[in-house]
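Enquirer: how would this look folded up:
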Amino acid sequence: MDRLTVVGLIVAFGAIFGGQLLDGGSAMALINPAAFVIVVGGSVGAVMIQTHLKTFARAIRILGWVFKPPVQPMAEGVLKVTAWSHLARREGLLGLEKNIDPTLDPYILKGLNMLVDGNEPEAIRTAMYVEVDVTSKELLGASKVYESLGGYSPTIGIVGAVLGLIHVMGNLGKPELLGAGIATAFVATIYGVGFANLFFLPVYHKLRAIISEKSQYMEMMLEGIACIAEGENPRVIETKLEGFVGK
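Expert: Numbering: from 1, shown residues only. Take a look at the predicted model:
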């Protein structure tokens with residue numbers, strides 16, 4: 001569980017409700033099911049219109065990454081590639097083939113199989129880079145669903161405000177109904193701006209950072225396997241890959 005995400009959500013929404021209480025208002029005044037349905041439902045519907053089904057489904061699947069990001073074993077990857085390079089130098093590609101773990105990530109297995117099949121380093125780089133590029137584009141496309149939600153949400157909030165005012169104007173002769181309409185009008189605006197800036201856009205940027213880390217890991221493994229194919233010294237390969245890990 002990403003504690004910073006959880007704490008951030010608590011702080012963000014707590015500040016809104018806390019500010020309302022400090023100002024002498026009621027927290028329940030910010031709870032309005034009608035405004036929620038208008039803003040969230042309208043925003044999601046608009047995004048569904050513009051998004052391909054596969055991309056939308058992928059966006060839903062990766063939302064969990066915000067709360068539990070996939071761990072990219074960068075340091076472990078360096079150790080694995082270094083061990084493979086020592087094995088390849090000591091026993092040749094045949095010895096490496098016998099020690100390939102079939103439970104490895106399919107992307108890494110693809111590179112290793114190309115390596116033991118005797119493919120040229122550039123061919124390995126090209127084939128693996130295509131997968132890095134496609135995976136990155138697919139995930140970034142999915143993350144943009146939340147960017148779009150952040151763009152539509154404030155506008156739909158204004159629509160909700162207008163609907164609330166229409167309700168008010170239609171019930172001017174019924175004072176007891178005016179409060180609900182005015183509440184929907186103002187709360188819808190708060191929901192539109194609040195969800196955009198406190199959830200949708202932060203989720204988008206968080207996912208972009210996670211996808212960037214995933215792409216960096218894939219590129220590191222690509223480079224390591226290609227270096228083994230080039231016959232580079234294991235120590236040189238290790239030093240090169242340590243640059244991907246950072247501090």
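
Enquirer: The biggest helix by length in the chain packs against which elements?
Expert: Once the chain is assigned using DSSP state H, the helix that runs over the most residues is helix 121-169. Judged by 3 or more CB pairs under 8 Å, 6 or more residues apart in numbering; DSSP states H and E, helix 121-169 is in contact with helix 33-36, helix 42-50, helix 53-62, helix 106-116, helix 175-195, helix 201-229. (C-beta placed from N, C-alpha, C; glycine too.)

Enquirer: repeat that for 7 Å
Expert: The elements that helix 121-169 packs onto, with contact taken as 3 or more CB pairs under 7 Å, 6 or more residues apart in numbering; DSSP states H and E, are helix 42-50, helix 53-62, helix 106-116, helix 175-195, helix 201-229.

Enquirer: So which residues make contact with the first one?
Expert: Put plainly, it is helix 42-50. Here helix 42-50 makes contact (CB atoms under 7 Å, 6 or more residues apart in numbering) with 56, 145, 148, 149, 152, 153, 156, 159.

Enquirer: so residue 75 is in which element?
Expert: Secondary structure assigned from DSSP states H and E places residue 75 in helix 74-98.

Enquirer: hang on, the earlier thing: any chance of JSON lines for the helices and strands packed on helix 121-169, columns distance to residue 29?
Expert: Listed next are these as JSON lines, based on distance: least, CB to CB, whole Å:
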{"stretch": "helix 42-50", "distance to residue 29": "22"}
{"stretch": "helix 53-62", "distance to residue 29": "31"}
{"stretch": "helix 106-116", "distance to residue 29": "51"}
{"stretch": "helix 175-195", "distance to residue 29": "7"}
{"stretch": "helix 201-229", "distance to residue 29": "25"}
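
Enquirer: Out of those, which gets nearest to residue 27?
Expert: Across the helices and strands packed on helix 121-169, the minimum distance to residue 27, taken as CB to CB, is reached by helix 175-195, at 12.1 Å.

Enquirer: coming back round to it: show me which of the contacts of helix 42-50 is closest to residue 245.
Expert: Nearest to residue 245 among these is residue 145, at 30.7 Å by CB to CB.

Enquirer: measure the closest one to residue 12 for me?
Expert: Plainly put, residue 145 is 20 Å away from residue 12 if you go by CB to CB, to the nearest Å.

Enquirer: Compare those two and say which is more crowded by neighbours.
Expert: Between residue 145 and residue 12, counted using other CB atoms under 10 Å, the more crowded position is residue 145 (25 against 14).

Enquirer: still on that earlier bit, now the longest helix of the chain, how far from the chain's geometric center?
Expert: Computed by CA atoms, centre = their mean, to the nearest Å, the chain-centroid distance of helix 121-169 equals 10 Å.

Enquirer: Would you mind getting the angle between it and helix 53-62?
Expert: 90 degrees (axes from the mean of the first three to the mean of the last three CA atoms, to 10 degrees).

Enquirer: from what I can see residue 150 touches residue 200, true?
Expert: Yes: with contacts defined as CB atoms under 7 Å, residue 150 counts as touching residue 200 at a distance of 3.7 Å.
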